[in-house]
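> could you look at this predicted model? Sequence included:
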Amino acid sequence: MLETQLEEQTRQFINHPKNTFVKEDTLFVSPIFKWFEDDFSGSPLQFIRQYAHGRLKQDLDQAKGEIRLQFLDYDWTLNR
C-alpha cells in the first residue's frame, strides 16, 4: 500500500510540467535529482524515463541528440 502511494506520488511529481519539462535537448528537473543523485542510481534521466508518460515521455522520445540536465531553482517555501 505505501509502496503504491510512493510510486503514484513519484509519477505525479515527475509528470507535472512545473517540475519536469523538456526544451530542445535539455531536461529541466528539480535540484533534488542533483542533491540525491545516488538515490536515483546515479542516473536521474534514467529514473525519470521510467516514470515519464504523456507529454513528458513524448518530449524525451523526440529529443535529438544527448539530453542534458538543467536543474531548476528549488522553492524553499515548500519547507514551511
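Now that the structure is in, tell me what you want to look at. Note that this is a predicted model, so its numbers are computed, not measured.
> helix/strand/coil for Gln70?
Under the three-state scheme (DSSP: H, G, I helix; E, B strand; the rest coil), Gln70 adopts strand.
> in the protein, which spans are helices?
For the chain, the helices defined by DSSP state H occupy 2-15, 32-35, 44-51, 54-62.
> any idea how far Glu7 is from Tyr51?
The gap separating Glu7 from Tyr51 is 8 Å, by C-beta to C-beta, to the nearest Å. To be clear about C-beta, it is placed using only N, CA and C from the backbone, and glycine gets the same treatment.
> same check on Lys57?
9 Å.
> could you list the low-pLDDT ranges of the chain?
Scanning the chain for pLDDT under 70 picks out no residues.
> list phi and psi for the nearest residue to Gly65 once chain neighbours are set aside.
Spatial nearest neighbour of Gly65, chain neighbours left out: Asp25 (5.1 Å); criterion: C-beta to C-beta, 6 or more residues apart in numbering. Main-chain dihedrals, Asp25, degrees, to the nearest 10: phi -110, psi 30.
> can you pull the contacts of Ala52?
Taking C-beta atoms under 8 Å, 6 or more residues apart in numbering, we find Ala52 in contact with Ile14, Asn15, Thr20, Leu60.
> switch the cut-off to 7 Å
By C-beta atoms under 7 Å, 6 or more residues apart in numbering, the contact set of Ala52 is Ile14, Asn15, Leu60.
> again, but for Leu72
Leu72 makes contact with Phe28, Val29, Ser30, Pro31, according to C-beta under 7 Å, 6+ apart.
> count the neighbours of the third one for me.
Ser30 is flanked by 19 other residues according to other C-beta atoms under 10 Å.
> same question for Gln5.
Neighbours around Gln5, by other C-beta under 10 Å: 9.
> quick one: Gln50 and Asn79, what's the gap?
Shown here: Gln50 relative to Asn79, a distance of 27 Å by C-beta to C-beta.
> looking at those two, which is more packed in?
Neighbour comparison, Gln50 and Asn79: the larger count goes to Gln50, with 9 against 6 (by other C-beta under 10 Å).
> number of residues surrounding Leu56?
Leu56 has 21 neighbours, counted by other C-beta under 10 Å.
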